[in-house]
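Trainee: what's the 3D shape of this:
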Amino acid sequence: MKKILIVLASLLLLTACSQTSPKENTLKVGMECNYAPFNWTQKNDSPEAVALPNNQGYCDGYDVQVAKHIAKDLDMNLVIKDYPVFKGLLEGAKVGDIDLIIAGMTNTEERRQEVDFTDIYYKSDMVLVVKNDSTYANATSINDFKGAHVSAQIGTMHDQLIDQIPDVNHGVPLESFPSLATALKSNAIDAFVSEKPVAQSIISSNPKLKYVEFAENQGFTVADEEVTVSIGLAKGNDKLKEAVNQSLSSLSKEDRDKLMLEAIERQPTSEENESAQMPAGFIAGTLFLLQHYGSQFLKGVWVTLLIALLGTAFGLFIGLVIAGLRQIKIHPRDRAMKRVLKRINSAITTAYVQYLRGTPMMVQGILIYYGLRGMDVAISPTVAAVIIISINTSAYMSEILRAGIQAIDSGQNEAARSLGLSEFQTMCYVILPQAIRNALPAIGNEFVVNIKDSSVLNVITVTELFYQGNKLTGIYYRQMEPFFIVSLIYLFLTIVSTQVLNMIEKKMDAPKGNYPKSVTHTVHYDSLKGDQK
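Mentor: Numbers count the residues shown, from 1 in each chain. Model prediction:
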């Protein structure tokens, strides 16, 4: 066990060291990298793209070009960090994980409570995306959407505009535009709100969809700030804000329109970029993703297995300690101080287990990762993921092991003590080996669960398997094909893991032995009498 823990600790240290620390003269910019044409991820390098950390591909788009322009003016090295969840950008800026948010973000009153904003760097029009064969396809006014089921991206200004539609059925906002496109194609909603450049990207890879533009005074009533996007940064950083504003002022409207037009023409779904276009059919699209992005799925598999294995192993060790502490009982002959300490121990361990079992891992991930970053603890997302899974798993492991210990007959403890073994020796050499063997199926099940549950940690930018699939949905605005591949990979991993765990269980079974069989000889009764003379 000690050797295994040393190996696992070495893997964790290697993972931590592999995270390159940014240079001092670095401008760290956060964006989703799945919000074309503002930003997207691509596999191959290009003159316009910027490499993402840890060999996660390249990011390109209008936002990337603006970021490059600012970094050049500030004479800084540009580093782009991608966040799969939009809310993570705000948290990243507040704790200093990134310097700027350049992600097509609107300057709203709610967001101004969390971060500061620069001047405007792009202005767009608001449209509604519908199906080609929809009754709303020929709409000319938002009044034509009366009674329609309309949704938008969560946490954006788009969601607030929906209520301007008369008698609208305001749908639950969804996490991303790929999710909205999938919901629209499956008839879960009738339309969703989008900026025009994003709508153009969506329909280029989804020919069954179209966007509806409105004439003046027939569309949404919006203030200029609601159809414009600005750059976000941490509050109080006035020096950086002033420098960024000065850089933006050197970009004319013609320059910005040119950058957006070039981004639209360069994005993977554009007609000009035929080699990167995803075929329309489901099977053809799936094969296309496997052919062009197979390496990204393999990277996701490696990270998923790494954090699941390390998290389960460390969780087992911590859970063993917690289970041991929870086995401490109060005896009638204990002194007062000893009783108090035991009660404190019981309260702390019980609260520890109850809290971790009673809260989602996603919530724990956000609290731990951004909490540590907020305290200036430089921790990489992968190392944070191992810590989060370890702590979460330890609560379940402690209960599994405690049940395994209690299942051992008390007579074995008494027999071991009667042979002179101490209470600690009895637990280590007699009780625990049997308890772990009995609990092995449940321990293995926790490992399988961790393989799947690691997907929720994409909220802290862990580049595991689900993260990689989610990236592709942002490039092509199609969810079915990437997540179908992801589901098959998860299924394969869980089946293989289950078979390996079954083999380990058989190895840990008590040996059947290779003892000689007993032989019974037939002996006549008279031969036992001896000689009688």
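Trainee: helices and strands of this structure: which one has the lowest mean pLDDT?
Mentor: In the chain, no helix or strand scores lower on mean pLDDT, DSSP states H and E than helix 2-17, which sits at a mean of 52.
Trainee: and the residue nearest to residue 65 when sequence neighbours are not counted, what does it touch?
Mentor: Sequence neighbours aside, residue 259 is the residue nearest to residue 65 in space, at 4.9 Å (criterion: C-beta to C-beta, 6 or more residues apart in numbering). Where you see a C-beta, it was placed from the backbone N, CA and C, and this is true even at glycine. Residue 259 makes contact with 62, 65, 66, according to C-beta atoms under 8 Å, 6 or more residues apart in numbering.
Trainee: partners of the longest strand along the chain in the sheet?
Mentor: Determined from DSSP state E, the single longest strand within the chain is strand 116-123. Here strand 116-123 has these sheet partners by DSSP bridges: strand 228-233 (antiparallel).
Trainee: Now the residue nearest to residue 459 when sequence neighbours are not counted: phi and psi?
Mentor: If the residues on either side of it in the chain are set aside, residue 459 comes closest to residue 85, at 4.8 Å by C-beta to C-beta, 6+ apart. The phi and psi values for residue 85, taken as degrees, to the nearest 10, are phi -110, psi 130.
Trainee: Could you list which residues are in contact with residue 85?
Mentor: By C-beta under 8 Å, 6+ apart, residue 85 lies in contact with 175, 458, 459.
Trainee: Buried ones only from those residues, please, as a ChimeraX command.
Mentor: This is how ChimeraX selects the buried members of these, with burial counted by 16 or more other C-beta atoms under 10 Å:
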select :458,459
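Trainee: measure the most centrally placed residue in the chain to residue 476 for me?
Mentor: The centre of the chain sits closest to residue 458, judged by C-alpha atoms, centre = their mean, with a distance of 1.6 Å. Per C-beta to C-beta, to the nearest Å, residue 458 is found 18 Å from residue 476.
Trainee: likewise residue 303?
Mentor: According to C-beta to C-beta, residue 303 and residue 476 sit 22 Å apart.
Trainee: Residue 188 too?
Mentor: Distance, residue 188 to residue 476, using C-beta to C-beta: 19 Å.
Trainee: do the same with residue 395
Mentor: Applying C-beta to C-beta, the value for residue 395 to residue 476 is 39 Å.
Trainee: And those two? Which one has more around it.
Mentor: Between residue 395 and residue 476, counted using other C-beta atoms under 10 Å, the more crowded position is residue 476 (28 against 22).
Trainee: quick one: pLDDT of that one?
Mentor: As predicted, residue 476 sits at a pLDDT of 83.
Trainee: ok, it - contacts?
Mentor: Here residue 476 is in contact with 205, 268, 269, 278, 285 (C-beta under 8 Å, 6+ apart).
Trainee: same thing with residue 421?
Mentor: Applying C-beta under 8 Å, 6+ apart, the residues contacting residue 421 are 429, 430.
Trainee: Enumerate every residue touching the closest residue to residue 86 other than its chain neighbours.
Mentor: Leaving aside its sequence neighbours, residue 86 sits nearest to residue 155 (C-beta to C-beta, 6+ apart; 5.4 Å). Residues in contact with residue 155 (C-beta under 8 Å, 6+ apart) are 86, 87, 173.
Trainee: Of those residues, which is the nearest to residue 334?
Mentor: Taking C-beta to C-beta as the measure, residue 334 lies nearest residue 87 of the contacts of residue 155, at 49.6 Å.
Trainee: For the closest one, give me its contacts.
Mentor: residue 155.
Trainee: let's number from 83 now, not from 1
Mentor: Right, with 83 as the first residue, what we last looked at is residue 169.
Trainee: What helix or strand is it located in?
Mentor: helix 168-176 (DSSP states H and E).
Trainee: where in the stretch 233-382 of the chain is pLDDT low?
Mentor: 351-358 (pLDDT under 70).
Trainee: What segments of it are helices?
Mentor: In the stretch 233-382 of the chain, the segments counted as helices under DSSP state H, counting those that start in this stretch are 240-243, 259-267, 278-287, 320-331, 335-348, 364-408.
Trainee: what pLDDT does the residue nearest to residue 541 get?
Mentor: The confidence metric pLDDT takes the value 72 at residue 167.
Trainee: got it, and residue 517?
Mentor: 84.
Trainee: One more: residue 577?
Mentor: The model reports residue 577 with a pLDDT of 94.
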